[in-house]
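[1] What would the 3D arrangement of this be:
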Amino acid sequence: MSQQKDRITMEKRYQRTALITGGDGIEKLKSAAVAVFGLGGVGGYAAEALARSGIGTMALVDNDIIDETNLNRQILALQSTLGRRKTELMKERILDINPDACVDTYDMFFLPENSDDFDFDGYDYIVDAVDTVAAKTELAVKAREAGIPLISAMGTGNKMEAGMFETADIYESAVCPLARVMRKELRKRGIEHLKIVYSREVPLRNDPPGSMPFVPPAAGMIMAGEVVKDILKEGG
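    Residues are numbered from 1 along each chain as shown. Here you go, the predicted structure:
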């Protein structure tokens, strides 16, 4: 009986998704490999949506653990998960959604000085949901070197309007302070384009930045949607 139930579950897992993507789309997503850098308020939701979309191979890169300040906005944060590694928790969630997924975890804060510790070969897309300018810039450099599409999250803190996020090339963005700093750093490295998710909302001035439960997740979901759409476009 359990084997029959498993078979039925396998057949139905992507039934609703296939109504939009078609069977060929499901196969594209199953064969795709995506690396997600950062599993906080943005990256955790991006990884969740990618897993539920059927991405077959995922790399999860983060060195953080869950603490009480994460409870207001991060999908992995519960009283029961306090003190546990985000990579471990996200891998468990993905495999509970799709036991056939291949999930690799990297407990590291990605920075220029350790960027060679991650092998970018074999990935179809990179999701940048890390916080520091140095890490985000290095990801853009590595993605260009490897010829891999990258989508990068700009600032989500100190904001209230989840509906003001949009995708753009970073050089066409406005308002976002993080995007302004990133443009300067990218120009230094000769990077002429970078796909981002950013908000036109003028942020409040709080330090450390405040956050709402519905703002970073909105950015993460948009990022996942862009990744899925781009993968489905590949090869026609």
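
[2] can we go C-alpha only for contacts and neighbour counts from here?
    Fine.

[3] Show me what counts as buried in stretch 87-100.
    Buried positions in stretch 87-100, judged by neighbour count with 16 or more other C-alpha atoms under 10 Å: 87-91, 93-94, 98.

[4] so what does the longest helix seen in the chain touch, helix or strand wise?
    Secondary structure of the chain per DSSP state H: the longest helix is helix 215-233. In terms of contacts (3 or more C-alpha pairs under 8 Å, 6 or more residues apart in numbering; DSSP states H and E), helix 215-233 is packed against helix 15-30, helix 43-53, strand 150-153, strand 165-169, strand 195-199.

[5] residues in contact with the very next helix or strand once past the fourth one?
    It stands for strand 165-169. For strand 165-169, the following helix or strand on the C-terminal side (DSSP states H and E) is helix 177-188. Residues outside helix 177-188 that contact it (C-alpha atoms under 8 Å, 6 or more residues apart in numbering) are 133, 137, 154-155, 170-171, 173-174, 192, 198.

[6] ok, of these, which come out buried?
    Among the contacts of helix 177-188, the ones that count as buried (16+ other C-alpha under 10 Å) are 133, 137, 154-155, 170-171, 173, 198.

[7] and of those residues, the nearest to Pro112?
    Thr137 (8.6 Å; C-alpha to C-alpha).

[8] so which helix or strand takes in that closest one?
    Taking DSSP H and E as the definition, Thr137 sits inside helix 133-146.

[9] roughly how far is that helix from the heart of the chain?
    15 Å (C-alpha atoms, centre = their mean, to the nearest Å).

[10] Check which helices and strands that helix sits against.
    Against helix 133-146 (3+ C-alpha pairs under 8 Å, 6+ apart) you get strand 125-128, strand 150-153, helix 177-188.

[11] possible to save those as a markdown table with mean pLDDT?
    Formatted as a markdown table, the helices and strands packed on helix 133-146 follow (pLDDT from 0 to 100):
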| stretch | mean pLDDT |
| --- | --- |
| strand 125-128 | 98 |
| strand 150-153 | 98 |
| helix 177-188 | 98 |
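
[12] Compare these and give me the one nearest Phe214.
    Nearest of those to Phe214, taken as C-alpha to C-alpha: strand 150-153 at 15.2 Å.
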